[in-house]
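1. next input, structure requested:
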Amino acid sequence: MFQPGCRHLGWGDSLFWDYGKAYSDRDLQDAFQTSLAAGITLFDTAEIYGLGQSERLIGRFMRQSDQPAVVATKYFPLPWRFSKQSLADALTASLERLQVPAVALYQVHWPFEFFLGQQAMMNALAMEVKQGRIAAVGVSNYSAQQMREAHRYLAEQGVPLAVNQVQYSLLHRQIETNGVLDTARELNVTILAYSPLAQGLLTGKYSETANLKPAGARRLDPRFSPGGLAKLQPVIQALQEIAARYERTPAQVALNWLVTQGQVLPIPGAKNARQAAQNAGALGWELSLPDREHLSQLTQAYRQ
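-> The predicted model follows:
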């Protein structure tokens, strides 16, 4: 249903993702245009990314571009959003920031219920589909049971559940064992895999010996510590060896492994044109079955 995509968690977020420090609006616009030129047309954002700034940036970039883009954004079910009208108002605000009349995909960011239960939320989303402001409905971070419930409520309104956006990478494979991936395949729901490069760990640029210190939110992640990086070295080495044979990068190999799982669409982030071009290089080719199996076996521990 959706073409290759890009996620923009850090766009507009200076607190955790160094927006305005490590990269500028110009860098982001270059990433946007490079993505489109390479055939990456889906841009995933959310109202809470940069407190709306991510949506504003994408809206501006779309208006300044002559190439069509497909936008997905997310609704956050905060405790004080206790009515269907609150969802409609949040969507209106997102559309205004994006400067579009409708979005291709609108997702529930987390499976919080609070005062507005799942059935009421799904009914409100189905109503927006029928009114034409949403082309498809998705969820994010939903368990297998929660996904099945959302699917049932939407089906009662004649609307399919399109996606479940969850964390999935070679270093985060729990959806293979907790029922999420199997349920998605059963219900014909696409998995949008966020953090498909494990926040950069699978690119190979971080290592025990590299003089590259993690910035932003990565500083809080123990996997970026010397001990954490040492533990990951066998995986990084395998990615580097496979990448060399295909004349690709470790990041492209890690993304391609996800694509070959079937019904999985990775949405890596990009903060500049170089990263966007690298992401696009994961498309148009396929890892051999032995290479896929080797990577799968090497990362078995990350299925738990």
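2. shaky segments in the stretch 51-200 of the chain?
-> Within the stretch 51-200 of the chain, no stretch falls below the threshold (pLDDT under 70).
3. so which residues of it form helices?
-> Applying DSSP state H, counting those that start in this stretch to the stretch 51-200 of the chain gives helices spanning 53-63, 84-98, 118-131, 144-156, 180-187.
4. tell me the most buried of these?
-> A comparison of the helices of the stretch 51-200 of the chain by mean neighbour count, using mean count of other Cβ atoms under 10 Å, puts helix 53-63 on top with a mean of 21. (C-beta placed from N, C-alpha, C; glycine too.)
5. which secondary structure elements does that helix contact?
-> Counting contacts by 3 or more Cβ pairs under 8 Å, 6 or more residues apart in numbering; DSSP states H and E, helix 53-63 is packed against helix 25-37, strand 70-75, helix 84-98.
6. need the ones you listed in TSV (columns: distance to residue 135).
-> TSV is the format used below for these (distance: least, Cβ to Cβ, whole Å):
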stretch	distance to residue 135
helix 25-37	19
strand 70-75	9
helix 84-98	12
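7. now the helices of the stretch 51-200 of the chain in CSV, with distance to residue 301?
-> What follows is the helices of the stretch 51-200 of the chain, written out as CSV (distance: least, Cβ to Cβ, whole Å):
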stretch, distance to residue 301
helix 53-63, 33
helix 84-98, 39
helix 118-131, 33
helix 144-156, 22
helix 180-187, 17
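8. relative to residue 73, which of these is closest?
-> For these, the distance to residue 73 is smallest for helix 84-98, at 5.1 Å, taking Cβ to Cβ.
9. packing partners of the closest one?
-> So helix 84-98, by 3+ Cβ pairs under 8 Å, 6+ apart, packs with helix 53-63, strand 70-75, helix 118-131.
10. quick one: that helix to helix 53-63, angle?
-> Between helix 84-98 and helix 53-63, the angle comes out at 50 degrees (axes from the mean of the first three to the mean of the last three Cα atoms, to 10 degrees).
11. mind checking how far helix 84-98 is from the chain centre?
-> The chain centre lies 21 Å from the centre of helix 84-98; the measure is Cα atoms, centre = their mean, to the nearest Å.
12. what residues does it touch?
-> Helix 84-98 is contacted from outside by 47, 52, 55-56, 58-59, 62, 71, 73, 75-76, 80-81, 101-103, 106, 116, 120-121, 123-125, 127-128, 133-134, using Cβ atoms under 8 Å, 6 or more residues apart in numbering.
13. now with 6 Å?
-> Helix 84-98 is contacted from outside by 47, 52, 55-56, 59, 71, 73, 75, 124, using Cβ atoms under 6 Å, 6 or more residues apart in numbering.
14. try stretch 170-184
-> Here stretch 170-184 makes contact (Cβ under 6 Å, 6+ apart) with 144, 147, 164, 166, 168, 191, 198, 254, 299, 302-303.
15. next, the distance between the ends of it.
-> Length of stretch 170-184, first residue to last, Cα to Cα, to the nearest Å: 19 Å.
16. can you count the residues close to the closest residue to residue 105 other than its chain neighbours?
-> Take residue 105 and drop its neighbours on the chain: the residue closest to it by Cβ to Cβ, 6 or more residues apart in numbering is residue 72, 3.7 Å away. By other Cβ atoms under 10 Å, 26 other residues sit near residue 72.
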